[in-house]
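J.: Let's see this in three dimensions:
(2 chains)
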Amino acid sequence: MYLEIQQAVRERFVQAVRQLFGIELAEPVLGYPPSSRLGELSIASCFELARALRQSPRQIAEQLAPRLVPLDGIERVSVAGAGYLNFHLDRALLAQAVFRHRASETGEGRSRAAEGISAGAESAEAAARAAKILVEHTSINPNKAAHIGHLRNAVLGDTFARLLRYRGRPVEVQNYIDNTGVQVADVVVGFIHLEKKSLAEVRRLIDDPSLRFDYYCWDLYARVFQWYDGHPESLAWRAAALKDIEEGRGEPAAVAEAVSTAIVRLHLATMRRLNIDYDLLVRESEILRLNFWSRAFELLKSRGALRYEDAGKNRGCWVMSLAGNGRSPGEETAADSGPGEEEAEEDIKIIVRSNGTVTYVGKDIAYHLWKFGLLGEDFGYEPFHTCPDGHVIWRTAVEDRRDGRAPAFGRASAAYVVIDTRQAYLQGVVAAALRALGYSAQADNLHHFAYQVVNLSLRAAADLGMEVTEEDRVRDYVEVSGRKGSGVKADDLIDLLMRRARDEVQARAMTEDRAEQEASAGQIAVAALRYFLLKYTRRSIITFDFQEALAFEGETGPYLQYSVVRARNIFRKFRDAHPEFSEARPLEVPLEQLRTFLSGESGGDFWELVLGSAQLEMIVEQAIAGEEPATVAKYAFRLAQAFNNFYHRHRILAEPDAARQRFLLFVVDIVSRTLARSLELLGIEVPERM
RNA sequence: GCGCCUGUAGCUCAGUUGGAUAGAGCGGCAGACUUCGAAUCUGUAGGUCGGGGGUUCGAAUCCCUCCAGGCGCGCCA
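T.: Numbering: from 1, shown residues only, chains lettered A, B, ... in the order given. The predicted structure follows:
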């Protein structure tokens, strides 16, 4: 409703300007007046028109105002300040529309709210919206436990996927598993050479319930690097293991397979604690076994995207030229300093090494060609894990085991890749490859969803018993390092949050039921963590601090949950006193009464909440366009704040006027549903009691 | 050297893509629980939006320049 009104306002304005002045304007950006007393939407375009029309902005606005009404959802238009056109919404109508809309939303966890896509959507726009969007996130090397940085990635990706689904876009979530890379090889070296363990012994470790295998590997990985430091010659072990793993041969390959699969299962379990889920695990081993690279290589060569170097320092390599990637043109033309040797300055990337093996980016190019259905090859698939709700996580396989109705993977129209910002250069290479192949539309639709890293505060590092160097002290943070085994393990952090939440829940003695206490503590811990990771914008470096991450007050997930619980408590109590009141029968408040209460003495307080609730869809669209989940987190917090304020100022259960009480309940209902829905989009559940 | 990102209150960060009086949390100070449970709320102090130019009716936001920091640029992944 709100989005529709905005669109109607924009269109009407363009139309009015055309009719009155014969000028064709682009649709104006809508602003927001400083106070809702002045209206809810504003257009500042009259300032721009002033020059062309040789009239004051105020005059122009006054001429246009009468032509902008009547308009559905708009009560009136006013001119303010030096020439702002302000639109006053029909409060009662909007309240009713929001209420009906929220009440009709199902709230099913996995349901793909298909609003916006009607069965036979015909317009090109609708078709574009119905095209599948792929979100790749998590993609942790399967060689050790997940840490806090991985959580930021997964929470961002999961939330973004939820936002897309809420707005009706079909989404496929992929998690890329680099099970044949050096990181896995290093752990394999640890098992085989340092610990002298056989495959059977490694398997026993995996199956041993008394130890956490991913934690074990975390330590082993650090030990391997310590060993390399003292024994550089043993790097040959790594090279040999890597080769065996890539070719799928011998004991190292078998150990790698066992280790990486076990760790992936543990990663998935960790992520499930945070309500994070996937559709498909794409494994690098299949990219190798199914020769995806050969196919991509053929494509790249046949379209001239790669060049063979038969001289120079890159002799024997296949390289890709990254034209236009930096280098000012002026500099290039001024290069009269002699021919020949300056050629080496050309910005190129080696894709195939002189020994014939492909680099990491090469495999990534093949993967991304497949994502867009451009490779002409497909994986086999097999079910990997069935979630409690019945959802199946698939993984790639050499042999296809999709019997019956098979999910169709890949062939996306757009892809979002959640990887930290340091990978920007390589993401650029992949996009450049798509362009070089003539797929510029796909290159445009390949979005690097870049986010900043998570560091540790000095205090956190001290809490973890890490050594802090003078350099760290100057910078005021400590970098995490898998090689050193430093960092905050994801499950440790979640456990710590659980303990904190359990203490709080028990201290408040809301219920004697242990199961409910456990459930609440879990939901609160997850809320604190997810909100903590989502409230910062992507480009903001998070300096992790236990005190901040463990906070349950102020701008936190639990604060948001608490707001919803409070709202629901009102209904709980009200139902106790009014058994005839039922959830099934929606609250009906006549339009006339809505009008009275929303414009009355406290009308502003109520209207703020209704208006805020009406903006969820718009905010989600903004978050999608800006690729910024924090937008939704901030929005939910503002709405919760407004609600808590309202909660203190107005007594609902004690309200003597029955009609007014009904209206207040109506407002509470709108807000609590909107907040609960916002939290669901952030992957946060609301406990029964708090 | 080249490229990308960042600089806003004591601290941590928002700022609706160029609009009206720059906001929030934390921390400080002063208050509000016999109430729909205070994981809450109210008030208050705190700003040359890194500096300087420019564009514009209008700039935290766009351009130039300088300063300070971070990251990337490998026949590693």
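J.: what's near enough to touch A:R295?
T.: Going by CB atoms under 8 Å, 6 or more residues apart in numbering, A:R295 touches A:A366, A:L375, A:G376, A:E377. Using the backbone N, CA and C atoms, a C-beta is placed for each residue, glycine as well.
J.: Would you list the buried entries among the residues you listed?
T.: A:A366, A:L375 (16 or more other CB atoms under 10 Å).
J.: now the contacts of A:R295 in TSV, with pLDDT?
T.: Output for the contacts of A:R295, formatted as TSV (pLDDT from 0 to 100):
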residue	pLDDT
A:A366	97
A:L375	95
A:G376	93
A:E377	92
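J.: residue ranges with poor pLDDT in chain A?
T.: Counting by pLDDT under 70, the low-confidence segments of chain A come to A:107-130, A:323-345, A:405-406, A:583-586.
J.: Regarding the closest residue in space to A:P57 that isn't next to it in sequence, what are the backbone dihedral angles?
T.: Spatial nearest neighbour of A:P57, chain neighbours left out: A:G83 (2.7 Å); criterion: CB to CB, 6 or more residues apart in numbering. Phi and psi for A:G83, reported as degrees, to the nearest 10, are phi 160, psi 30.
J.: Count the residues that sit near A:G83.
T.: Applying other CB atoms under 10 Å, we find 22 residues neighbouring A:G83.
J.: Quick check, it in contact with A:Q63.
T.: No: using CB atoms under 8 Å, A:G83 is not in contact with A:Q63, being 11.0 Å away.
J.: Can you tell me the SS state at the closest residue to A:S354 other than its chain neighbours?
T.: Of all residues not flanking A:S354 in the chain, A:G316 sits nearest, at 3.2 Å (CB to CB, 6+ apart). The three-state assignment at A:G316 reads coil, by DSSP: H, G, I helix; E, B strand; the rest coil.
J.: Now for A:G316: which residues touch it?
T.: By CB under 8 Å, 6+ apart, the residues touching A:G316 are A:E309, A:D310, A:R353, A:S354.
J.: again with A:Y221
T.: Taking CB under 8 Å, 6+ apart as the criterion, A:Y221 is in contact with A:N143, A:K144, A:Q183, A:D186, A:V187, A:G190, A:G482, A:R483, A:G485.
J.: What is the neighbour count of the residue of chain A found nearest RNA strand B?
T.: In chain A, the residue that lies nearest RNA strand B is A:G554 (2.5 Å; CB to the nearest atom of the strand). Per other CB under 10 Å, the neighbour tally for A:G554 reads 9.
J.: Next: A:T421.
T.: A:T421 has 15 nearby residues by other CB under 10 Å.
J.: nearest residue to it other than its sequence neighbours?
T.: Closest residue to A:T421 apart from its sequence neighbours, by CB to CB, 6+ apart: A:A450 at 4.1 Å.
J.: Paired strands for the one helix or strand that neighbour maps to, with orientation please.
T.: Using DSSP states H and E, A:A450 sits in strand A:446-451. Paired with strand A:446-451 in the same sheet, following DSSP bridges, are strand A:414-420 (parallel).
J.: tell me how far the strand it pairs with is from the chain's mean position?
T.: Its chain's C-alpha centre and that of strand A:414-420 lie 9 Å apart, by CA atoms, centre = their mean, to the nearest Å.
J.: for stretch A:277-297, same thing?
T.: Centroid separation between stretch A:277-297 and its chain, computed with CA atoms, centre = their mean, is 24 Å.
J.: ditto for stretch A:434-442
T.: Put simply, stretch A:434-442 sits 25 Å off its chain's centre (CA atoms, centre = their mean).
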